[in-house]
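J.: model this:
(one chain, ligands or ions: 2)
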Amino acid sequence: MSSSYDWQDFPAPAKLNLFLHIIGRRNDGYHLLQSVFQLIDLADTISLRVNEGGEVQHLNPLPGVPADSDLTVRAARLLQKETGCSKGVDIRVTKRLPMGGGVGGGSSDAATVMLALNRLWQLNLPRVRLMELGLSLGADVPFFIFGENAFVEGIGEIMTPILTPEAHFVILHPQVHVSTPQIFSDPNLTRDTPPITVPHLSSAITQNDLEEVACKSYPEISESITWLSQYANARMTGSGSCVFASFSSPNEANRVIYDLPKKMTGYVARSLSKHPLHEFAE
Ligand SMILES: C[C@](O)(CO)[C@H](O)COP(=O)(O)OP(=O)(O)OC[C@H]1O[C@@H](n2ccc(N)nc2=O)[C@H](O)[C@@H]1O
Ligand SMILES: Nc1ncnc2c1ncn2[C@@H]1O[C@H](COP(=O)(O)OP(=O)(O)OP(=O)(O)O)[C@@H](O)[C@H]1O
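T.: Residues are numbered from 1 along each chain as shown. Ligands and ions are numbered 1, 2, ... in the order given. Sure, this is the predicted structure:
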């Protein structure tokens, strides 16, 4: 029988932004967006081992990310501060999600730590409180804690659950690290896309408003979109760099990956209807 002090593995799934519209900008510089966030089965694995000593330790920090700034460590410390919990945790991250790829890897890692520790440390914080806390770590964290595919508004904190069709995605990862602040602060970014409402989602013409400025700065993104567009409608997710297209069967998606030129990196992923740890908060 496993005790809560053994290592336990928890998935941190990626997201795709099926579209992303910028409809305005707040006084603090943050952008008001509208987007459909889709969970997919491509995931990091977060391994956790609870300790009684209260220390939060990252045992295999990511290259270029000091342990203290890793979002998993920050998420655990934030929960300790919020609840006064005296327990600690050792953390290992098996990274599969491309960093700076627009698939929400860091945010999802943080959300998984918060959901898992809510159970392992027996905190019983309500989902809405975890979402509020998570927003201070990153704009995408509340979505992963919400744990359902959603129409997302505000700066990323207002969520309406929606049903999305089952899909098989091909995701290409151009080997560039996109700076999210750089894309959002580009003077050529359009910030006035007319708002849409949930009842009109299925008939709305959509795009990723960040795509044009990202493609100008990073031609590799543009090349990947052009290549994938041979097979289906392709677009960028988040602030890039990953681009994706949707297919109705795994075979179709696998055939595209089979054709992928050697210099490109790609994945096949399936849509998820819920976050695997959805039941860890109420
Ligand atoms: C564009 C998305 O990928 C959509 O999923 C996310 O909203 C970005 O989320 P993220 O990478 O977690 O970004 P954060 O770390 O919260 O923000 C990075 C920077 O992006 C800009 N930013 C982010 C989100 C937002 N709604 N408006 C912004 O202007 C801000 O300059 C911010 O300092
Ligand atoms: N656990 C973590 N995993 C990945 N990145 C992390 C983590 N902790 C901190 N970071 C920092 O966050 C940055 C953004 O990483 P992330 O993979 O979340 O980008 P992203 O997929 O573009 O995010 P988004 O879709 O939210 O814009 C990294 O370059 C890294 O410096």
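
J.: identify the residue nearest residue 136 in space, chain neighbours excluded?
T.: residue 78 (7.2 Å; C-beta to C-beta, 6 or more residues apart in numbering). No exception for glycine: its C-beta is placed from N, CA and C like everyone else's.

J.: all helices of the stretch 151-282 of the chain, in order?
T.: 180-184, 211-217, 219-228, 250-259 (DSSP state H, counting those that start in this stretch).

J.: tell me what the longest helix along the chain is packed against?
T.: Ranked by number of residues, the top helix in the chain under DSSP state H is helix 105-120. On a contact count with 3 or more C-beta pairs under 8 Å, 6 or more residues apart in numbering; DSSP states H and E, helix 105-120 meets strand 8-25, strand 31-51, helix 71-83, strand 88-94, helix 127-135, helix 141-146.

J.: the last one packs against which elements?
T.: Translated: helix 141-146. strand 8-25, helix 105-120, helix 127-135, strand 158-161.

J.: what residues of the longest one count as buried?
T.: So that's strand 8-25. Of the residues in strand 8-25, 8, 10-23 count as buried by neighbour count, 16 or more other C-beta atoms under 10 Å.

J.: again, but for stretch 220-233
T.: 220-225, 227-228, 232.

J.: show me where the stretch 151-282 of the chain has its strands.
T.: Secondary structure of the stretch 151-282 of the chain, counting by DSSP state E, counting those that start in this stretch: strands at 158-161, 168-172, 235-236, 243-247, 266-270.

J.: quick check: residue 65 vs ligand 1, distance?
T.: Using C-beta to the nearest ligand atom, to the nearest Å, residue 65 is found at 13 Å from ligand 1.

J.: so which residues on the stretch 151-282 of the chain come close to ligand 2?
T.: 180, 238-239 (C-beta under 6 Å from any ligand atom).

J.: closest to residue 201 out of these?
T.: Nearest to residue 201 out of those is residue 238 (C-beta to C-beta; 18.8 Å).

J.: quick check, that closest one in contact with residue 209.
T.: No: contact criterion C-beta atoms under 8 Å: residue 238 and residue 209 do not qualify, at 11.4 Å.

J.: more neighbours, these two?
T.: residue 238 (26 against 22; other C-beta atoms under 10 Å).

J.: need phi/psi at the more buried one.
T.: phi 50, psi -140 (degrees, to the nearest 10).

J.: residue contacts, it?
T.: The contact partners of residue 238, taken as C-beta atoms under 8 Å, 6 or more residues apart in numbering, are 17, 20, 101-104, 140, 180, 210.

J.: which residue is nearest the centroid of this structure?
T.: residue 104 (2.3 Å; C-alpha atoms, centre = their mean).

J.: contacting residues for that residue?
T.: If you count contacts by C-beta under 8 Å, 6+ apart, then residue 104 has 14-15, 97, 140, 143-144, 238 around it.

J.: now with 6 Å?
T.: Residues in contact with residue 104 (C-beta atoms under 6 Å, 6 or more residues apart in numbering) are 14-15, 140.

J.: got those as CSV, with pLDDT and distance to ligand 2 columns?
T.: Output for the contacts of residue 104, formatted as CSV (pLDDT from 0 to 100; distance: C-beta to the nearest ligand atom, whole Å):
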residue, pLDDT, distance to ligand 2
14, 98, 8
15, 98, 7
140, 94, 4
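
J.: adding distance to ligand 1, write those residues out as a markdown table.
T.: Output for the contacts of residue 104, formatted as a markdown table (distance: C-beta to the nearest ligand atom, whole Å):
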| residue | distance to ligand 1 |
| --- | --- |
| 14 | 11 |
| 15 | 7 |
| 140 | 4 |
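
J.: so which of the residues you listed is the closest to residue 279?
T.: residue 15 (19.0 Å).

J.: I figured the closest one was touching residue 37, is that so?
T.: Yes: between residue 15 and residue 37 there is a contact at 5.0 Å, judged by C-beta atoms under 6 Å.

J.: for ligand 1, what are the nearby residues on the chain?
T.: When proximity is defined by C-beta under 6 Å from any ligand atom, the chain lies next to ligand 1 at 17, 29-31, 33, 102, 107, 138-140, 155-156, 180-181, 184, 238-239.

J.: swap in 8 Å and give it another go.
T.: With C-beta under 8 Å from any ligand atom as the criterion, the chain comes near ligand 1 at residues 15, 17, 20, 25, 29-33, 35, 37, 102, 104, 106-107, 137-141, 143, 152, 154-156, 180-181, 183-185, 210, 237-239.

J.: buried members of those residues into ChimeraX, please.
T.: Buried members of these, defined by 16+ other C-beta under 10 Å, are picked up in ChimeraX with:
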select :15,17,20,31,32,33,35,37,102,104,106,107,137,138,139,140,141,143,152,154,155,156,180,183,184,210,237,238,239
